[in-house]
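In: Sequence isn't available, so here's the structure alone:
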């Protein structure tokens, strides 16, 4: 019979192993079936994208949005709603945000709401210097505004140069041409 100390040690190690598996790390970024926003939506007014445009002015010092958006101090935000975290190739994300993206963080409205409330608490070690937006209505309005800018459709890959087939009557003959020495 194992000692009580050995049993407790085993239980602790088993729990630590289970909780540190990558499969369970993904669940950190999956919103619960009934999110905070959904649970409170009955008592709160609908988000207003026009109001969100006003809140976005605070973001515009570091982020651009729109069809011609580029990377500034922070990544451009066009198509951010529904985009996997740390997925733009033209921005050097922090190690912590890159790891969160690899773990499955996708910027769903519920998760953007949590992030915008306290970025450094939601993803500790990220590069965003913004302390957070306390007002829940302002966050919902800002997210509604961001959602109006969908990511552009990717350009189709250019077709590689394929040799064009010649019509049958113009195709080179596989028969040897008669030489001048041969008489028909």
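Out: Structure received. Because the structure is predicted, anything quoted here is derived from the model rather than measured.

In: buried sites along stretch 56-73?
Out: Of the residues in stretch 56-73, those buried under the neighbour-count criterion (16 or more other CB atoms under 10 Å) are 56, 59, 62-65, 69. The way it works is simple: take the backbone N, C-alpha and C, and place the C-beta from them, glycine included.

In: Tabulate those in a markdown table, adding columns for secondary structure, distance to residue 105 and pLDDT.
Out: Shown next, in a markdown table, are the buried residues of stretch 56-73 (DSSP: H, G, I helix; E, B strand; the rest coil; distance: CB to CB, whole Å; pLDDT from 0 to 100):
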| residue | secondary structure | distance to residue 105 | pLDDT |
| --- | --- | --- | --- |
| 56 | helix | 22 | 97 |
| 59 | coil | 19 | 95 |
| 62 | coil | 20 | 96 |
| 63 | coil | 18 | 96 |
| 64 | coil | 22 | 96 |
| 65 | coil | 20 | 97 |
| 69 | coil | 21 | 94 |
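
In: would you turn those residues into TSV with distance to residue 136?
Out: Output for those, formatted as TSV (distance: CB to CB, whole Å):
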residue	distance to residue 136
56	17
59	17
62	22
63	21
64	25
65	22
69	26
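
In: ok, of those, which one's closest to residue 149?
Out: residue 65 (5.1 Å; CB to CB).

In: out of everything not next to it in sequence, what's closest to the closest one?
Out: Spatially, and ignoring its direct neighbours in sequence, residue 65 is nearest to residue 77 (4.5 Å; CB to CB, 6 or more residues apart in numbering).

In: Report the buried residues of stretch 85-98.
Out: Neighbour-count burial for stretch 85-98 [16+ other CB under 10 Å]: 85-88, 93, 97.

In: Please apply the same query to stretch 73-81.
Out: Buried, per 16+ other CB under 10 Å, within stretch 73-81: 74-81.

In: Please enumerate the helices of the chain.
Out: Listed in chain order, the helices of the chain (DSSP state H) span 4-19, 22-25, 36-40, 49-56, 95-103, 109-117, 119-122, 136-147.

In: and those helices, which one is worst for confidence?
Out: Within the helices of the chain, the stretch with the lowest mean pLDDT is helix 22-25, showing a mean of 44.

In: The residue nearest to residue 65 and residue 43: what is the separation?
Out: Computed as CB to CB, to the nearest Å, the residue 77 to residue 43 distance reads 29 Å.

In: ok, back up a step: from the buried residues of stretch 85-98, pick the one nearest residue 105.
Out: For those, the nearest to residue 105 is residue 85 (4.0 Å; CB to CB).
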